[in-house]
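1. Got a predicted structure here, sequence first:
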Amino acid sequence: MKVIVVKDYEEASQKAFEVMKDYLKPGKVLGLATGSTPLGLYKLMIEDHEKNGTDYKDIHTYNLDEYVGLPLNHRESYYSFMHANLFDHIGIPEENTHVPSGLGDLEENCRRYDEMIADEPVDIQLLGIGADGHIGFNEPGTPFDSGTHVTDLTEQTRKDNLRFFKDLGEEVPTQAVTMGLKTIMAARNVLLIATGENKAEAVKGLIEGPVSTECAASVLQQHPSTIVIIDEAAGKLLEKK
Ligand code: F6R
C-alpha cells in the first residue's frame with residue numbers, strides 16, 4: 001500500500017487525477033464511487049475532457065453501489081449522481097456505464113453484476129471511506145469473501161448521508177446494493193481518497209490497524225496495488241508520519 005499525504009482536499013483531488021490519468025485510455029475499465037470525496041476528481045476529469053478532448057467512448061465504468069428502492073431519476077440515486085457529476089459531461093456512451101440496480105430482483109442483479117465485472121475486470125477502483133471504515137457499503141462485519149450483495153446501512157452511515165436527503169424532507173434509505181470486498185479486491189489497482197478529520201480513525205484502521213472485518217477497508221493492506229491519498233487531517237492519528 002502506497003500512502004501519499006497532501007495538504008488538503010484540493011491537493012488530494014489533483015494527486016488522484018494524476019493517478020487516474022493513466023487509465024483514461026481506450027479499453028480501460030474504471031471502478032467509480034459516489035459521495036463527496038470524488039467530486040473534486042470528477043471536476044478535473046470533466047475539465048480535462050473539455051480542454052484536452054480525452055475520449056471516453058471506449059472506456060467502461062462500474063460503480064460501487066446504489067441505494068435500494070430509489071427510482072433511477074431520484075436526485076439522490078447514485079445513478080443520478082453519476083450522471084449529474086460525471087457521465088453527462090464526458091461523452092461516455094450510456095451503455096458503457098454500470099451502476100448496480102437497487103430495484104427489481106436484487107439477488108439476480110447482484111449475481112449479474114459480479115458476472116459482468118468478472119468478464120471485464122476493473123483496471124482501477126476508486127474508493128472513498130466511511131467514518132466506520134466502510135468501502136463501498138461494506139459495513140463493519142462484512143466478510144472479506146463477499147461478492148456484490150444487499151446490505152443494511154448502519155445508523156452511522158445513514159446519519160452521515162442525511163445531508164443529501166434533508167432538504168427533500170426524506171429519510172436515508174435503509175439498504176443498499178454494494179460490490180462486496182471480494183469484488184473490490186479483484187480490481188487490478190485501487191485508489192482510495194480520504195480527507196478531513198472525521199475520517200482519521202477509519203484511516204488509522206485502514207493503514208495501521210489489524211486486518212479485520214471490524215474495519216472493512218483494512219482488507220486493502222492485502223491488495224497488491226493500492227494507492228491511498230490522504231490529507232493531513234485524515235492522517236492525524238497515524239503513528240508513522
Ligand atoms: C460511495 C461509497 C461510500 C463512500 C463513503 C464516503 O459510492 O461507496 O463508501 O465512499 O461513504 O463518503 P463521502 O465521500 O461522502 O465522505
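-> Nice, I can see it.
2. got the contact list for the spatially most central residue of the chain?
-> Closest to where the C-alpha atoms of the chain average out (C-alpha atoms, centre = their mean) is residue 33, at 2.8 Å. Each residue near residue 33 by C-beta atoms under 8 Å, 6 or more residues apart in numbering is listed here: 63, 64, 126, 127, 128, 136. In this view, the C-beta of every residue, glycine as well, is placed from N, C-alpha and C.
3. Count the residues that sit near the nearest residue to residue 86 once chain neighbours are set aside.
-> Closest residue in space to residue 86, ignoring its immediate chain neighbours: residue 42 at 4.6 Å, by C-beta to C-beta, 6 or more residues apart in numbering. Per other C-beta atoms under 10 Å, the neighbour tally for residue 42 reads 25.
4. State the three-state secondary structure for residue 42.
-> Assigned with DSSP: H, G, I helix; E, B strand; the rest coil, residue 42 falls in the helix class.
5. That one touches residue 87, doesn't it?
-> No. Residue 42 is beyond contact range of residue 87, at 9.6 Å (criterion: C-beta atoms under 8 Å).
6. Dihedrals phi and psi, residue 194?
-> phi -140, psi 130 (degrees, to the nearest 10).
7. And for it, the neighbour number?
-> By other C-beta under 10 Å, 26 other residues sit near residue 194.
8. for the ligand, what are the nearby residues on the chain?
-> 33-37, 64-65, 128-130, 134-137 (C-beta under 6 Å from any ligand atom).
9. would you turn the residues you listed into JSON lines with pLDDT, secondary structure and distance to residue 16?
-> JSON lines is the format used below for the residues of the chain next to the ligand (pLDDT from 0 to 100; DSSP: H, G, I helix; E, B strand; the rest coil; distance: C-beta to C-beta, whole Å):
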{"residue": "33", "pLDDT": "98", "secondary structure": "coil", "distance to residue 16": "11"}
{"residue": "34", "pLDDT": "97", "secondary structure": "coil", "distance to residue 16": "15"}
{"residue": "35", "pLDDT": "95", "secondary structure": "coil", "distance to residue 16": "14"}
{"residue": "36", "pLDDT": "95", "secondary structure": "coil", "distance to residue 16": "13"}
{"residue": "37", "pLDDT": "98", "secondary structure": "coil", "distance to residue 16": "9"}
{"residue": "64", "pLDDT": "98", "secondary structure": "coil", "distance to residue 16": "16"}
{"residue": "65", "pLDDT": "98", "secondary structure": "strand", "distance to residue 16": "19"}
{"residue": "128", "pLDDT": "98", "secondary structure": "coil", "distance to residue 16": "11"}
{"residue": "129", "pLDDT": "98", "secondary structure": "coil", "distance to residue 16": "13"}
{"residue": "130", "pLDDT": "95", "secondary structure": "coil", "distance to residue 16": "18"}
{"residue": "134", "pLDDT": "96", "secondary structure": "coil", "distance to residue 16": "19"}
{"residue": "135", "pLDDT": "98", "secondary structure": "strand", "distance to residue 16": "15"}
{"residue": "136", "pLDDT": "98", "secondary structure": "coil", "distance to residue 16": "18"}
{"residue": "137", "pLDDT": "97", "secondary structure": "coil", "distance to residue 16": "21"}
